[in-house]
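Participant: one predicted model, sequence on top.
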Amino acid sequence: MRARTILGLAALTAGTVTAAVARRRKQERQVDPERWYTVTIDVLGDQVDARHLPAPLADLDDLIEVRTVPAPGRRGTELSARVRQPEPPNGLGSLTARALGADPRQKVRQALREAKQLLEVGEIIQQEPQPQGHRPGTPAGKLIDVLAKRSKGEGVL
Amino acid sequence: MKALCWTGINKVSIETVDDPKILNAHDAIVKVTTTVTCGSDLHLLGGYVPGMRAGDILGHEFMGEIVEIGSAVTTRKVGDRVVVCSFMSCGHCSYCKAGKTSLCDNSNLHPGLGEGLWGASTGGCFGYSQITGGFAGSHADYVRVPFVDTGAFLVPDGVTDEQAVFASDAVPTGWMGADLGGVQPGDTVAVWGAGGVGQMAARASMLLGAEKVIVIDRFPERLAQVQQFIGAETLDYSATDVMAELRERTGGRGPDVAIEAVGMEAHSDRVDYVYDKVKTMLKLETDRPTALREAILAARKGGSVFVLGVYGGFVDKFPLGAVMNKALTVRSGQQFGHRYIPMLLERIAAGEISTDHLATHVMPLADAPRGYDMFKAKTDGCVRAVFRP
């Protein structure tokens, strides 16, 4: 039974990491490694002005550049951001930085997600504090906590 | 307050936890009056869905009374008696506007987990692991309900808690399988699984005009419920050859629509069940698609298959050849409940859909660990254990 938990966690971790590694390997093969990270906002372009960005993106002004383009078929606006400086290389150091929340790409992804919430819903959705039972500090539990805590800055966005 | 918490594989306990608080302007706090076990909770309980954390509060199918609202709530008020959709919908992203609400872009606050496993995340869901957002569940005295204007629905007068609570998940999930599975008047429909969702899929198929509906299971009490409360035919897979029986009952064609309402922990008497059991034990696949394989192989040429059962990862020996060569349409999804629940509550009030027969075991929240034991082992004819905090 314990093996099921550990393997489930391993799958979850591996899935997250594999997607990131695959994306990174592909980027490394490309001429321009500076990827635009993008969300589509379901409002039209004149309501998403790159000169007047929502706070989560505006706060990163010295770290990122931002662009907006209309989505095809009038399906909203594609809001993109990328890190101005070369992105940090991958490897063990990158994994450590990501676990600590110190990778700049995590800030970009989180800011894009929160900007989308502000533009579409009008507020950033909060979750803490919320009720929970006793959380023992097992290795598996701590891994889940890290994955959940960093999740807004990870993923395939 | 008291809440039922997951504490490890197949272990739960009642714990004293903090009360929930309003965190966003669109939130409400609901005093839970009725909350029910769902088959998919067993996948969480058993650790089949990755991302469970000890201390997580279980429960996603529930109803209650609104006792507090946030400053931006417009259509709901304190005192409203509501049933709440298990999945959350922000109401403003493209998916919510299109009525595909369990795909909501904004309600899952752990999007990286789903994106890592599936390429995209679902919307948020109550009490359904960190992968759907890590929200506290409803097996508790109180629960915070984000986006309450879109996700909480007034219960009509005269509809009891035991009737209404299933409009939170089982009824809309079943309806979606029949609706998006493309059930047409005159169709023959086969449903794998006679649990709450399977029964509701069968009833939905009949209300959408199917002339023959066949529900497949092995538990006599569930098949008896299908006959008594749903009005569909039954097929006991432990007593007959399902494929041959379906061919005989469908004029050799196979069902027009095959709805799979079993999921990742399927049981079967076939040899591929043993194969899947071994492979999942060896961690060479994560889910057992035994019922799904049968549904795909049984469906008629040009028919459709709807996957209502919950799957979390990867399956083996998926009959893609049958899908391609029989020109099948395969669809799936977590429930788009927001588009169906008002209509379904009206149908429940009108007596068109029986639901309270599913509530075979009603008990206080304090007895929830025993309720989960009964529900998991299906002892004493337990179809659904219902808790009253």
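Facilitator: Received it, and whenever you're ready, just let me know what you need.

Participant: in chain A, which spans are strands?
Facilitator: A:37-41, A:64-70, A:77-83 (DSSP state E).

Participant: partners of the shortest one, with directions?
Facilitator: Counting by DSSP bridges, the strands paired with strand A:37-41 are strand A:77-83 (antiparallel).

Participant: what's downstream of the lowest-mean-pLDDT helix or strand in chain B, the next helix or strand?
Facilitator: Lowest on mean pLDDT, DSSP states H and E among the helices and strands of chain B sits helix B:271-281, with a mean of 89. Downstream of helix B:271-281, the first helix or strand assigned by DSSP states H and E is helix B:290-298.

Participant: off-centre distance for that following helix?
Facilitator: Averaging C-alpha positions (CA atoms, centre = their mean, to the nearest Å) puts helix B:290-298 19 Å from its chain's average.

Participant: contacts for the helix or strand following that helix next, please.
Facilitator: Where DSSP H and E defines the elements, the next helix or strand beyond helix B:290-298 is strand B:304-307. Strand B:304-307 has contacts (CB atoms under 8 Å, 6 or more residues apart in numbering or on different chains) with B:176-178, B:180-182, B:256-260, B:292, B:295-296, B:299, B:323, B:328-332. Glycine gets a C-beta too; all of them are placed from N, C-alpha and C.

Participant: strand B:304-307 pairs with which strands, parallel or anti?
Facilitator: strand B:257-260 (parallel), strand B:329-332 (parallel).

Participant: reformat those strands as a markdown table; add mean neighbour count and mean pLDDT.
Facilitator: Below are those laid out as a markdown table (neighbours: other CB atoms under 10 Å in any protein chain shown; pLDDT from 0 to 100):
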| stretch | mean neighbour count | mean pLDDT |
| --- | --- | --- |
| strand B:257-260 | 31 | 98 |
| strand B:329-332 | 16 | 98 |
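
Participant: can I get those strands in a markdown table with distance to B:H110?
Facilitator: Converted to a markdown table, these look like this (distance: least, CB to CB, whole Å):
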| stretch | distance to B:H110 |
| --- | --- |
| strand B:257-260 | 27 |
| strand B:329-332 | 22 |
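
Participant: out of those strands, which comes closest to A:L100?
Facilitator: strand B:329-332 (37.3 Å; CB to CB).

Participant: and the closest one, how far out from the chain's middle?
Facilitator: 17 Å.

Participant: also stretch B:154-167?
Facilitator: 17 Å.

Participant: over to stretch B:201-215?
Facilitator: Taking CA atoms, centre = their mean, one finds stretch B:201-215 lying 18 Å from the centre of the chain it belongs to.

Participant: and for it, what's in contact with it?
Facilitator: With CB under 8 Å, 6+ apart, stretch B:201-215 has contacts from B:173-175, B:177-179, B:183-191, B:193-194, B:198-199, B:223, B:226, B:230-235, B:246, B:249-250, B:255, B:257, B:259, B:261, B:308, B:347, B:352-354.

Participant: over to stretch A:69-87?
Facilitator: Taking CB under 8 Å, 6+ apart as the rule, stretch A:69-87 contacts A:33-45, A:47-48, A:57, A:60, A:62-68, A:104-105, A:108, A:111-112, A:115-116, A:119, B:94.

Participant: and that stretch, how far apart are its ends?
Facilitator: 23 Å (CA to CA, to the nearest Å).

Participant: buried set for it?
Facilitator: A:A71, A:G76, A:T77, A:E78, A:L79, A:S80, A:A81, A:R82, A:V83, A:E87 (16 or more other CB atoms under 10 Å in any protein chain shown).

Participant: now do stretch A:85-96
Facilitator: A:E87, A:N90, A:S94.

Participant: ok, the second one to B:E115 distance?
Facilitator: A:N90 sits 18 Å away from B:E115 when distances are taken as CB to CB, to the nearest Å.

Participant: same question for B:E248.
Facilitator: From B:E248 to B:E115 the distance is 46 Å (CB to CB).

Participant: which one's more surrounded, the two?
Facilitator: Shown here are B:E248 and B:E115; by other CB atoms under 10 Å in any protein chain shown, B:E115 has more neighbours (22 against 11).

Participant: thought B:Q227 was touching B:D236?
Facilitator: No: the pair B:Q227 / B:D236 is not scored as a contact, 11.5 Å apart, by CB atoms under 8 Å.

Participant: show me the one of the strands paired with strand B:304-307 that comes nearest A:H52.
Facilitator: strand B:329-332 (40.6 Å).

Participant: mind checking how far whichever strand or helix holds B:I214 is from the chain centre?
Facilitator: Applying DSSP H and E as the criterion places B:I214 in strand B:212-217. Using CA atoms, centre = their mean, the mean C-alpha position of strand B:212-217 is found 18 Å from that of the whole chain.

Participant: try stretch B:346-363
Facilitator: That offset, for stretch B:346-363, works out to 15 Å (CA atoms, centre = their mean).

Participant: check stretch B:308-317 too.
Facilitator: The answer for stretch B:308-317 is 15 Å, by CA atoms, centre = their mean.

Participant: buried ones in it?
Facilitator: B:L308, B:G309, B:V310, B:Y311, B:G312, B:G313, B:V315.
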